[in-house]
Structure formats: structure tokens, C-alpha cells
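Asks: kindly generate the corresponding structure for this input.
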Amino acid sequence: MERLAERSSFLEVAYLLIYGDLPTEREGGEWRRLVMTHTMLHEDILSQMRTFRYDAHPMGTLIASLAAMSAFHPEANPMLQGNMNLYQEDESRRNQEIVRILGKVATIAACAYRVRIGRPFNVPDASGKLDYTENFLMMLDRLSESDYRPDPRLVRILDRIFIALSDDGMNCATSFLRHVASSRVDPYMCVASASGAQYGSRISGVGDAVLRMLEEIGSVDRVESFVDLAKQSKRRLQGFGHINYKAYDPRARVLRNLALELKSITAGDPRLDIALRLEDVVLHDDFFVTRRVFPNVDLFLSVIISMMGFPSDFFSAIITIGRTAGWLAQWRETILDPSNRIHRPRQLYVGHRNRTYQPILERDKAPNPSNEQHRTLHLQARQSMANYRRVMEEL
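Replies: I've put the predicted structure just below:
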């Protein structure tokens, strides 16, 4: 991850995730040309975005616009084309949808941001002079300048942020994308569905929570007292710990370095100093070391986005742009897997059993099962399932 962030570009990493190898010079040039060709949006989608409330959350606008693209591209839906194996049989169609979505998602996010701040949309660069991330920043910030170019240092930092965020394994949003893709719907709906999961408060709300925590701490000299409260479960330590990573998340290390680089070219931010001190205290405290608690991507990402001038409600849109590369790789893998069937997870029922119908006048309101009863029923159901699987394996 560190080497890719240092030496590569987001579009190169997207190619790597989707096709399995870094592109050659010729492949990379053609890949960049195709993606940038598809950054333009249909005027009717832009008109739809203009109808949203001025205070609409950027993720709501982004998700709705991604889903709307399905209506503008019926040729992308296997059912509407009468061919459920459309993408398995037609590699060119598969690749076309990949570059189209990757190109347009940044434009949609930029337009969602412009809706939020009440400014007209900027047209994507058609000259071929701007790369993917530079074009995105131009669409965000250009006012009336005909030759506006974003600061190349900020472009490079944001490009590496996209690299760090490009894939996160089988998390909630990715698994949802694969569930939806297994139904053979078009890729626009798949990416819109994953974006919807990304919008959830347990994901999109984390960045805000980190910033609120840093603001509550207030200064570097109050970090130790806050950590003591966290150890007593009186405060929640945001931006630390991960369900999978039990070591220092390499993505978090990349973002930490980017935060320091950004500090050197801006006025800095006291919240970054607090985050760095918080990281140092936690990494050297036996309470957290023994529990293998390390910084995650949210600790420094939230500060970086704020330092770059983005509002906190744009946090998830930034993640979505980067994560789209990984989602498209997952979509491609799903549809090319010949053993992949429509997803239907097993569910354990823990409710009432053997009930009979009663006329309405004879019904008494039964008390709801307690948490302990639900827990007991759940454990019994899991034990029954384990016994069943063991018997089947023995057969």
C-alpha cells in the first residue's frame, strides 16, 4: 500500500484492482483516455440534481444520481437486453460500463458538492490536460477562471487518499454490492446500492465522530486525561480499532504521512496535533497494546479532509470515489465467477413456534420475549444448525 501510494496514481491502482496487473505505458494511456472521456454527465441528470434541496446531503444526491444512470443506460441491464449472460459474454460491454462509472462518479460527487454550496456546475475538462483527481478538484473549486488549475500538491495528496481508500475487503458496502450483483442487475444499481450502505451512520458518521472527539479534547495537554476516561468506558475513543486489522492498518499509515505533508503546506490544524498525540499515547499504553488497538483510517482521514477545506458531510463522498475502483473490481469478479449464484444468506429464526390462529376477540396481547429469552432461542437455533452441519459432513 505504501509503495503504491508513493509511486503510482489512483487510475493505475484502479486498473490493478480491476484487471489484476498494473498497466503498461500503452494500456495506462488508453485507460486514462477512456475514463476521462466518460466524465461528462447527461444534461437531464444535471437537471435532476438541480431539483434537490440546497441542504441535501451530498451522499443522498450522489446515490440518487448513480441510480438514475440506470434509466439512461437500459443497454446496461441484462434483463432489458434479454440476455442474462450479457457481461459474461461481452468483454467490451463489461469494460465500457467500468470506465463509464469510474469516470462519472467523480463528476457526480463534484456536482453534489456544488449543489450543497449553491454554485453552478463546472464542466469536466475536455482538453485532456487534467488527470482524474486534478479534474475533480477543478470541478469542485473553479469559479470563473478559464485557466484554473488546482494546487498540484493538493492534487497529489488527494490522489493518494483515493489510493488508500480504493479497497477495504468484504466490508458492509462491498458485500452488499456482491449481493445485488448476484441478481444480474446493471452495475449502476450495484454501485448505488454499495454507496447506500456507505451512507449508513456506522460508516459515514465516523468521520464526524472523530472530529467531535478531537474538538472535545481541545488541546494536546488534555489527551492523557481523555484516554484515561476512555479506559474507564466514560468516553469513546474514535478513530481506533478495526474488526479485521489487529496491527497498524497500512492505509492509516499512508494517511498519517499525508496529514503531515499537508501540514507542511498549509496553516496546519490543532486537531492534527491532538490526533498525533492521541496516537502516540495509545500506541504506548499497555491497556491498548495488549488489546491490539491501533489507529484506523478515520483518525487522520477526517482531519485531512477538514484541512483541505471540505465540509464534514463530504467525508463519505470522498470515500465513495476511491472505493468505486474496488467495487468495480468486485462487480467484475462476481459476474465472471461461473459458480456464483444469487445470494441468499441463511437466517436463524428465533421467534415463536407452533402457534395457532385465534379470532381477534380472543386474542390477548402476549408479552414480548425478553432479551434473555431471545438470546436463549438464538443459541438453541445456532446449536441446532451446528448439529445439522456436523451430521451432513459425516454423511
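
Asks: when you work out contacts or count neighbours from here on, use the C-alpha atoms and nothing else.
Replies: OK.

Asks: could you look up the SS state of Asn354?
Replies: Under DSSP: H, G, I helix; E, B strand; the rest coil, the three-state class of Asn354 is coil.

Asks: and it, how far is that from Ala5?
Replies: According to Cα to Cα, to the nearest Å, Asn354 stands 59 Å off from Ala5.

Asks: between those two, which has more neighbouring residues?
Replies: Using other Cα atoms under 10 Å as the criterion, Asn354 and Ala5 rank with Ala5 on top: 22 against 4.

Asks: distance-wise, check the more buried one relative to Ile157.
Replies: Going from Ala5 to Ile157 by Cα to Cα gives 9 Å.

Asks: next one: Ile18
Replies: Per Cα to Cα, Ile18 is found 23 Å from Ile157.

Asks: repeat that for Leu80.
Replies: Using Cα to Cα, we find Leu80 at a distance of 42 Å from Ile157.

Asks: likewise for Gly60?
Replies: 26 Å.

Asks: which of the two has more neighbours?
Replies: Set Gly60 next to Ile157 and count neighbours by other Cα under 10 Å: Ile157 wins out with 21 against 15.

Asks: test my guess that the more buried one contacts Leu258.
Replies: Yes. Counting by Cα atoms under 8 Å, Ile157 does reach Leu258; the two are 6.4 Å apart.

Asks: shared neighbours of these two, which are they?
Replies: Common neighbours of Ile157 and Leu258, counting by Cα atoms under 8 Å, 6 or more residues apart in numbering, are absent.

Asks: got the domain ranges for this protein?
Replies: Following automatic domain parsing, one finds the domains of the chain at 2-200+312-336, 204-306.

Asks: can these go into CSV with extra columns for distance to Val391 and mean pLDDT?
Replies: Output for the domains of the chain, formatted as CSV (distance: least, Cα to Cα, whole Å; pLDDT from 0 to 100):
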stretch, distance to Val391, mean pLDDT
domain 2-200+312-336, 29, 94
domain 204-306, 31, 91
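
Asks: what comes up buried for stretch 263-279?
Replies: The neighbour-count check on stretch 263-279 (16 or more other Cα atoms under 10 Å) flags Lys263, Gly268, Arg271, Leu272, Asp273, Ile274, Ala275, Leu276, Arg277, Leu278, Glu279 as buried.

Asks: who does the helix or strand in which Gly322 is found touch, helix- and strand-wise?
Replies: Using DSSP states H and E, Gly322 sits in helix 315-336. Judged by 3 or more Cα pairs under 8 Å, 6 or more residues apart in numbering; DSSP states H and E, helix 315-336 is in contact with helix 10-19, helix 58-72, helix 86-89, helix 91-117, helix 152-165, helix 172-181, helix 187-198, helix 201-217.

Asks: for the ones you listed, which one sits closest to Gln383?
Replies: helix 172-181 (25.8 Å; Cα to Cα).

Asks: list of residues touching that closest one?
Replies: 187, 189-191, 193-198, 327, 330-331, 334-335, 342-343.

Asks: same check, this time on stretch 137-152
Replies: Thr107, Ala110, Cys111, Tyr113, Arg114, Phe121, Asn122, Val123, Pro124, Glu134, Val155.
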